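> from the sequence below, what's the structure:
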Amino acid sequence: MARVGRRTVSALVEAGQAAALADCLALGRGTRDSVGLGPAERVRNLSGRVLLRTGRLPPPYAPVVLIDDVITTGATAVSCVRALESAGVQVSAVLALTATAS
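Predicted coordinates:
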């Protein structure tokens, strides 16, 4: 996802928009790949395992857009938004973006 984030920020900056990448989330130990998990299993899998890299948080009051590679049940996006909100970060939007080979 970092690559998709970097490309997105680059495209926004090239278009004259202010943008920066805040690589401030990580998955903790014991987090399984969610492929093949049902909705309830995905929620349990992520419960308490989305960690903040506090030194990388966006500045206060910065508009934040969370980027994910795919939205299946929304469990990852919800867990990430909750983690960010627990640190006082307000997420304005969640986008699903996928990079393709070029």
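
> tell me where the chain has strands.
25-27, 50-52, 64-68, 91-96 (DSSP state E).

> turn those into a markdown table, including mean neighbour count.
Backbone N, C-alpha and C define where each C-beta goes, glycine included. Formatted as a markdown table, the strands of the chain follow (neighbours: other CB atoms under 10 Å):
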| stretch | mean neighbour count |
| --- | --- |
| strand 25-27 | 15 |
| strand 50-52 | 17 |
| strand 64-68 | 17 |
| strand 91-96 | 13 |
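
> can you check which of those gets nearest to Ser34?
strand 25-27 (10.3 Å; CB to CB).

> who does that closest one pair up with?
Strand 25-27 pairs in its sheet with strand 50-52 (antiparallel), by DSSP bridges.

> sorry, back to before: now tabulate the strands of the chain in JSON lines and tack on mean pLDDT and distance to Val13.
Compiled in JSON lines, the strands of the chain are given as follows (pLDDT from 0 to 100; distance: least, CB to CB, whole Å):
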{"stretch": "strand 25-27", "mean pLDDT": "93", "distance to Val13": "21"}
{"stretch": "strand 50-52", "mean pLDDT": "95", "distance to Val13": "25"}
{"stretch": "strand 64-68", "mean pLDDT": "93", "distance to Val13": "14"}
{"stretch": "strand 91-96", "mean pLDDT": "94", "distance to Val13": "17"}
